[in-house]
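Asks: Let me see the structure of the following:
(one chain, ligands or ions: 2)
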Amino acid sequence: MYLLGIESSCDESSASIVEDGQRVLSNVVVSQVKDHAVFCGVVPEIASRKHLETINEVVEEAFRLAQLKYEDMNAVGVVYKPGLIGSLLVGLSTAKAFAYQLDCPLVPVNHIEAHLYAPHLEWEIPFPNIGLVVSGGHTLLTKSHSFTDHEIIGSTIDDAVGECFDKIAKYFDLGYPGGPVIDKIFYNGDPIAYSFPKAKFKGDQPYQFSFSGLKSAVIHQREKFLNENHKDTVDNIIASFQKTAIDTLIETTLRACNDLNISDVVVTGGVSCNSYLRKAFGKLDSIKSYFASPELSTDNAAMVGGLAYHLLKAGVTADLSLNAHSKIVKRGKVLE
Ligand code: KG4
Ligand code: ZN
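Replies: Numbers count the residues shown, from 1 in each chain. Ligands and ions are numbered 1, 2, ... in the order given. So this is what the prediction gives:
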């Protein structure tokens, strides 16, 4: 069964054709990073206009690379939440037009669930597992029971971890997006030069995250040294920041694994490309961690076409009145 996946929730326009939820026949991603870099963050109005300009070509290219025709598709899966509303609407309208024209099912896909699916494209991963979603917009810990059943056990109460990387890079004038730049600088600095605070949660919500205190501490440290402006100091602050942020993610994930007696961990989202994060998870003997390749970890439509296959098999389809939503709809602790 061939599915077309479409993703346009933030600043990547992407289309992919996936066979039987597993075999990625094409995965075209056009990033808008250059258009937003001057603002050090995504400008929603620019993002939706750029999606409009590129989405048709991206879909065409996905078909060309897969060497398939429109009529070969059995369904179209599309991200309809969460994300930037104008951006989501471009992908959603494209998917609706496709489903209408070809008279094939339209499958609504949650962007976070799609990220959680990405490592399943490359690995066989047992359930239940713990999912750590770390991106520019989200930081979530889940207990995942199946591809489509995820219980949220923790999330950030303020900044997402990727947002924190991006904002710190902006303060230090390092460019956008911050994650990849900071990941490189990390190796020039001393990661234990500074001791930055780690937010710890106890009680009935022990797996929450908070990064705004860390962000403020790092910015204050920079201001302290601004006059000296030694590169060495900047490298040390950045390295210490990355270690603190990533160690916090790992420690909370490990606590959840221990408490819930689960040893398989899915790590996904743009921040999961972080080299220190990958190495540190890899060194742990008590758990087995699963990462997707970097191109499937950041926003892409292969994870959408892949998950849509399982949703379709479970009977999840939408009609043409499907709307986009900017936020995750949480009912209780279930990711919907
Ligand atoms: O998943 P993604 O492509 O888009 C969202 O859904 O947000 O994630 C983008 C985020 C950005 O904040 C970016 O700085 C971060 O992922 N990122 C990284 C790395 N590569 C990308 N963060 C840390 N280390 C990296 N190597
Ligand atoms: Zn994402």
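
Asks: Can you name the residue of the stretch 1-150 of the chain nearest ligand 1?
Replies: Proximity of the stretch 1-150 of the chain to ligand 1 (C-beta to the nearest ligand atom) peaks at Gly136, 2.9 Å away. Every C-beta, even on glycine, is put in place using the N, C-alpha and C of the backbone.

Asks: can you tell me how far that residue sits from ligand 2?
Replies: As defined by C-beta to the ion, to the nearest Å, Gly136 lies at a distance of 7 Å from ligand 2.

Asks: Ok, Asp35 next?
Replies: 18 Å.

Asks: May I have the predicted confidence score for that residue?
Replies: Asp35 carries a pLDDT value of 92.

Asks: okay, now the domains of this structure?
Replies: Segmentation of the chain into domains, based on automatic domain parsing, reads 2-116+297-335, 126-291.

Asks: what's the most buried one of those domains?
Replies: domain 2-116+297-335 (a mean of 20; mean count of other C-beta atoms under 10 Å).

Asks: from the middle of its chain, how far away would it be?
Replies: Distance of domain 2-116+297-335 from its chain centroid, counting by C-alpha atoms, centre = their mean, to the nearest Å, is 14 Å.

Asks: Wondering if that domain reaches ligand 1 at all.
Replies: Yes: under the criterion of C-beta under 6 Å from any ligand atom, domain 2-116+297-335 makes contact with ligand 1 via Cys10, Thr298, Asp299.

Asks: The first one belongs to a strand?
Replies: What that stands for is Cys10. No: under DSSP: H, G, I helix; E, B strand; the rest coil, Cys10 sits outside any strand and is assigned coil.

Asks: surely it meets Val42?
Replies: Yes: applying C-beta atoms under 8 Å as the test, Cys10 and Val42 come out as touching, 6.1 Å apart.

Asks: rewinding a little: these two touch, right, the residue of the stretch 1-150 of the chain closest to ligand 1 and Thr298?
Replies: No: contact criterion C-beta under 8 Å: Gly136 and Thr298 do not qualify, at 9.2 Å.

Asks: Which neighbours do the two have in common?
Replies: The overlap between the contact sets of Gly136 and Thr298 (C-beta atoms under 8 Å, 6 or more residues apart in numbering) consists of Gly270.

Asks: where exactly do the helices run in the stretch 201-336 of the chain?
Replies: With DSSP state H, counting those that start in this stretch as the criterion, the stretch 201-336 of the chain has helices at 212-225, 231-260, 275-282, 294-297, 302-313.

Asks: contacts for stretch 66-78?
Replies: 1-7, 17, 25-26, 63, 91-92, 94-96, 98-99, 101-102, 104-109, 304-305, 307-309, 311-312, 317.

Asks: what about the stretch 101-250 of the chain, any weak spots by pLDDT?
Replies: 226-230 (pLDDT under 70).

Asks: which bits of it sit near ligand 2?
Replies: Counting by C-beta under 5 Å from the ion, the stretch 101-250 of the chain comes close to ligand 2 at Ser135.

Asks: So out of everything in the stretch 151-300 of the chain, what residue is nearest ligand 2?
Replies: Per C-beta to the ion, Asp299 is where the stretch 151-300 of the chain lies closest to ligand 2, at 4.4 Å.

Asks: for that residue, phi and psi?
Replies: phi -60, psi 130 (degrees, to the nearest 10).

Asks: Quick check: phi and psi on the residue nearest in space to the middle of the chain?
Replies: The centroid of the chain falls nearest to Gly269 when counting by C-alpha atoms, centre = their mean (2.7 Å). Main-chain torsions, Gly269, degrees, to the nearest 10: phi 100, psi 160.

Asks: what's the closest non-adjacent residue to it?
Replies: What sits nearest to Gly269 in space, not counting adjacent residues and going by C-beta to C-beta, 6 or more residues apart in numbering, is Ser135, at 3.4 Å.

Asks: Please apply the same query to Thr142.
Replies: Thr142 sits nearest to Gly131 (C-beta to C-beta, 6+ apart), 3.9 Å away.

Asks: Look up phi and psi at the closest residue to ligand 1 within the stretch 101-250 of the chain.
Replies: In the stretch 101-250 of the chain, the residue that lies nearest ligand 1 is Gly179 (2.0 Å; C-beta to the nearest ligand atom). Main-chain torsions, Gly179, degrees, to the nearest 10: phi -50, psi -60.

Asks: Please report how far Glu61 lies from ligand 2.
Replies: 21 Å.

Asks: Repeat that for Leu121.
Replies: In terms of C-beta to the ion, Leu121 sits 15 Å off from ligand 2.

Asks: what about that residue, how many residues close to it?
Replies: 21 (other C-beta atoms under 10 Å).

Asks: Identify the residue nearest Cys40 in space, chain neighbours excluded?
Replies: With C-beta to C-beta, 6+ apart, the residue lying closest to Cys40 is Lys170, at 4.2 Å.
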